[in-house]
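Q: Here is a sequence together with a model predicted from it:
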Amino acid sequence: MLYPKIDDCIREIGDKYSLVVVAARRGKDVGVQKPAELAKMRMSELTYAMKEIAEGRVTIYRGSL
């Protein structure tokens, strides 16, 4: 089973197209901000971003997409 579940992420963001954009942008930010933490957890930038989205820690503003 994959974690985080895609359904949880879509529920937080609203639709799958916005989810792709938000996850890609957040993944790039995470890769720059937390490279050592990601290496320690053995997690990719995108997986970490999706985890944050599923947990509700990422806020989006509709005008910024």
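A: Perfect, I can see it now. Residues are numbered from 1 along each chain as shown.

Q: Leu19 and Asp7 touch, don't they?
A: No: using CB atoms under 8 Å, Leu19 makes no contact with Asp7, being 10.6 Å away. (Each C-beta comes from the backbone N, C-alpha and C, glycine too.)

Q: So for these two, which residue has more residues nearby?
A: Leu19 (19 against 9; other CB atoms under 10 Å).

Q: which strands and helices sit next to the host helix or strand of Val32?
A: In this assignment (DSSP states H and E), Val32 forms part of helix 16-33. For helix 16-33, the elements it packs on are helix 6-13, helix 45-54, judged by 3 or more CB pairs under 8 Å, 6 or more residues apart in numbering; DSSP states H and E.

Q: Tell me the buried residues in the first one?
A: Along helix 6-13, these residues count as buried under the neighbour rule (16 or more other CB atoms under 10 Å): Asp8, Cys9, Ile10, Glu12, Ile13.

Q: for the protein, which residue is closest to the average position?
A: Closest residue to the average C-alpha location of the chain: Ala49 at 2.5 Å, with CA atoms, centre = their mean.

Q: what separates that one from Glu55, distance-wise?
A: Separation of Ala49 from Glu55 (CB to CB, to the nearest Å): 11 Å.

Q: Also Pro35?
A: Distance of Pro35 to Glu55, given as CB to CB: 21 Å.

Q: State the pLDDT value of the residue lying closest to Gly56 once chain neighbours are set aside.
A: Spatially, and ignoring its direct neighbours in sequence, Gly56 is nearest to Glu12 (5.7 Å; CB to CB, 6 or more residues apart in numbering). On pLDDT, Glu12 comes in at 91.
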